[in-house]
Every structure is written in C-alpha cells, then in structure tokens.
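Asker: I would like the atomic coordinates for the input below:
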Amino acid sequence: MKMQDVAKLAGVSTATISRVLNQPEMVREETRRRVQQVLEQTQYVANAFARGLVVSSMKTIGILTNDITSAYVAGMFHTIERRFTELGYNVILANTGMELENKKKSLRMILERQVDAVILIGSMYKERKSNAHIFQAAAKVPVLIINNYIQAANVYSITCDDACGIRQAVQYLADLGHRHIYYFIDSRTPSALAKLKGFQQGMAANGLDPGNVLPIACSLEGAAAGLRELIAKNPRVTAVVCGEDIVGIGVMKGCIQMKLRVPEDISVIGYNNTILAEAATPSLTTVDNDLLHTGLEAVHKLYDVFQGKPVAKKTAITPTLVIRESTGPVPER
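Answerer: Down below sits the predicted model:
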C-alpha cells in the first residue's frame, strides 16, 4: 500500500501522513489518532520496513533501559541478547536513567547506529505528556516496549498484569490469616502504580485497609528504614508486600536488625522472582512475572515484524506467585 492510499483512507493529505510519521507533535491530536489508526490497520510502516529490510538491514538491535544494575533488567537483557545472537543479530545497550532528556539522547544515539529495531525495557519509557520521540523512532524502525503500551503505528508491547500479581500476593496472605498487611511502594512508574492498585484491590476485597501503604526508597537501606518506620507506626503489622525483590530482601534485613523473625513475626513478599529471591535466607516468596517468556516473546515478535508477518500490537503476560520460606501463618501475639 502506498502513502497516497493511506492518506485517502484517513481523509488527509500525504503531507499530513508524513508529519504524523516524522513530526507528530505538529499534528492535531484528533487527526494524529485517526491517521495512526489507519497506519495500524494497514500495517503501513511495518510493511514498508519489511520491504526495505532485505537491502538495508544492519542486523543490529538497540535496547534502552534505565538501570542495568537491576537484577530484572540484567536478566531481561541477557535473555534478549542471547536469542538475537542465535538469530544472527548484534545487540547494543544504552543505560538512560530516568531523565527524559537522557532518554531522548540515548534513543537518538541508538538510531544513528542504524539499528533494525529498538526495545525499551521498562514502563518508565511511556511519558505522561508527550511520546513524540518514540513516534519519530517508530517511523524509522519497529519499537517494542516491555511492560507498557503506547498506541502508535509500528509500536508493539509486551505487558505484565502487575496488579494481578500483587492481588495474588495479598490474597495468599489473607488466606493465611493476616490482617495487618502493608505495601512498600518504591517509585511512581506506571508499573509501580499498577502494583499499588492491585494491593488496594486485594485489600478491599478482603475487608482490609487499602490505605496500608508506605513510600520507601528502592534499596536495601530504604526498605530496612521503611520497616523501622512502619513498626514504630503500627507494631501489629504481620506482613509486608513489596514491588521489587531487592525491597523484600531489604525488609528481611531490617527484621534481622530489629531482632524480628521471618516469617514467624513478619511475612515478606517480593516481586520479579529474580535470583536474589531464591538466594536469600530465608528464601523470598515473590511474584514471578515470567522474565524468560517475556524476553523471548519480545525477540520473536520483532523477528516476525522483520519477516512482514501479522503481529499483535499488544501481548499480555499473567504473573504467578512463587511461595518460598519468607511467608507463613499469622503469628500469635
């Protein structure tokens, strides 16, 4: 399909189509959405890329992440890099941090390397105000976002139902008899807010207080400090649910400092099912968001795009609770 055909279907000029692809911020929102819908329905950008791939492919994938030191991110990168290497591709990585200007700068740098696709690892890559830089990248190569969704032509996503994962954790604790359950929130990314929502839903469903939430720093020290603050505020607490494994381990470290036993005095649940959860003593009960499946799905989705095959814009992963030693029945006090 030619650009003229897309323009006719959308009821706009070819110049407007070009602006939506290259300067989306210059197009009225209503027009941009209508054009993007037609682009998605016709697979115009993806098909154009597939046609040109035979002669222009650099066999290189660009990956952006905000923190390569994260066990989750490191595991995800390892899975994606290994599978793309098996398929004959090179992978380059940019560590962007959280600042928007650094994200934009890294994305430009990656695109200058003439990559065949871009993968954004983490929900923080969806901005609250404008995602024009992602739209512009998608006009050149396929963009895949892990753990968030942006509706745009040539943008694909794999999401995890984080709210579901935390609801499972709360329900498990409630079934064990816990009533004084708290949630440690360590950031305000879309993923973190979805986990918070899951906690509130799970608590409300069991007649418990959905306001049992404490903001903490996402670190071992931040979690331990959070536990001390929580115990001083409510010594009746019997369980803590965390949005990251590192936070859960920090809570257990805080328990040791305060001479509290896990799980006899405090039950602890983490999130991500990283190697840290299994290596901890006691081993950490955690929500498994299926890192391996997600990473492989990302590779296969993009590879199908390269081949010009029909590809779902959005794939959802359902997490599961992995029960280990850090949780037990409500203690008698």
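
Asker: A232 in helix, strand or coil?
Answerer: helix (DSSP: H, G, I helix; E, B strand; the rest coil).

Asker: Next, count neighbours for it.
Answerer: 8 (other Cβ atoms under 10 Å). Using the backbone N, CA and C atoms, a C-beta is placed for each residue, glycine as well.

Asker: How about the one 3 residues further on?
Answerer: Taking other Cβ under 10 Å as the neighbour definition, P235 ends up with a count of 9.

Asker: Confirm it sits in a strand?
Answerer: No: per three-state DSSP, P235 lies outside any strand segment and is coil.

Asker: That one and E264: what is the separation?
Answerer: Per Cβ to Cβ, to the nearest Å, P235 is found 15 Å from E264.

Asker: can you check Y149 too?
Answerer: Distance check for Y149 against E264: by Cβ to Cβ, it reads 42 Å.

Asker: These two - which one has more neighbours?
Answerer: Between Y149 and E264, counted using other Cβ under 10 Å, the more crowded position is Y149 (18 against 12).

Asker: so who does the closest residue to the more buried one other than its chain neighbours touch?
Answerer: Computed as Cβ to Cβ, 6 or more residues apart in numbering, the closest residue to Y149 that is not its neighbour in sequence is S157, at 4.3 Å. Going by Cβ atoms under 8 Å, 6 or more residues apart in numbering, S157 touches L144, I145, I146, N148, Y149, I150, K313, K314, T315.

Asker: Run through the bridge partners of S157.
Answerer: Beta-bridge pairing of S157 under DSSP bridges involves I145, K314.

Asker: Just the local confidence number for it, please.
Answerer: S157 carries a pLDDT value of 95.

Asker: before we move on, what about G308?
Answerer: pLDDT at G308 comes out at 88.

Asker: neighbours of it, just the number please.
Answerer: That count, for G308 with other Cβ under 10 Å as the rule, works out to 15.

Asker: List only buried entries from the contacts of S157.
Answerer: By neighbour count, with 16 or more other Cβ atoms under 10 Å, the contacts of S157 hold L144, I145, I146, N148, Y149, I150, T315 as buried.

Asker: Tabulate the residues you listed (TSV), appending distance to P210 and pLDDT.
Answerer: Formatted as TSV, those follow (distance: Cβ to Cβ, whole Å; pLDDT from 0 to 100):
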residue	distance to P210	pLDDT
L144	34	97
I145	29	96
I146	28	95
N148	24	90
Y149	25	90
I150	29	90
T315	30	94
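
Asker: center of the chain - which residue?
Answerer: N147 (2.9 Å; Cα atoms, centre = their mean).

Asker: which ones are touching it?
Answerer: By Cβ under 8 Å, 6+ apart, the contact list for N147 reads I121, G122, S123, I158, T159, C160, D162, S191, T294.

Asker: got it, and I216?
Answerer: F184, I185, D186, G222, A223, A225, G226, V247.

Asker: redo that, cut-off 6 Å
Answerer: By Cβ atoms under 6 Å, 6 or more residues apart in numbering, I216 lies in contact with F184, D186, G222, A223, G226.

Asker: what's the closest of the residues you listed to G254?
Answerer: Checking the contacts of I216 against G254 with Cβ to Cβ, the nearest one is A223 at 6.4 Å.

Asker: Tell me the spatial nearest neighbour of the closest one, not counting adjacent residues.
Answerer: Here the residue nearest A223, using Cβ to Cβ, 6+ apart, is G250, at 2.6 Å.

Asker: Which parts of this structure are helices?
Answerer: For the chain, helices defined by DSSP state H occupy the ranges 3-10, 14-22, 29-42, 44-56, 71-86, 100-112, 132-138, 162-175, 190-205, 220-233, 245-257, 275-279, 291-306.

Asker: rank the ones you listed by mean pLDDT and give me the bottom one.
Answerer: helix 44-56 (a mean of 51).

Asker: and M58, how many neighbours?
Answerer: Neighbourhood size, M58 [other Cβ under 10 Å]: 12.

Asker: swap in Y303?
Answerer: Y303 has 17 neighbours, counted by other Cβ under 10 Å.

Asker: thought I63 was touching N95?
Answerer: No: counting by Cβ atoms under 6 Å, I63 stays clear of N95, with 9.7 Å between them.

Asker: I'd assumed S187 was in contact with L196.
Answerer: No: with contact defined as Cβ under 6 Å, L196 does not count as touching S187 (10.1 Å).

Asker: joint contacts of these two?
Answerer: In contact with both L196 and S187: no residue, using Cβ under 6 Å, 6+ apart.

Asker: P282 and R324 touch, don't they?
Answerer: No: using Cβ under 6 Å, P282 is not in contact with R324, being 7.2 Å away.
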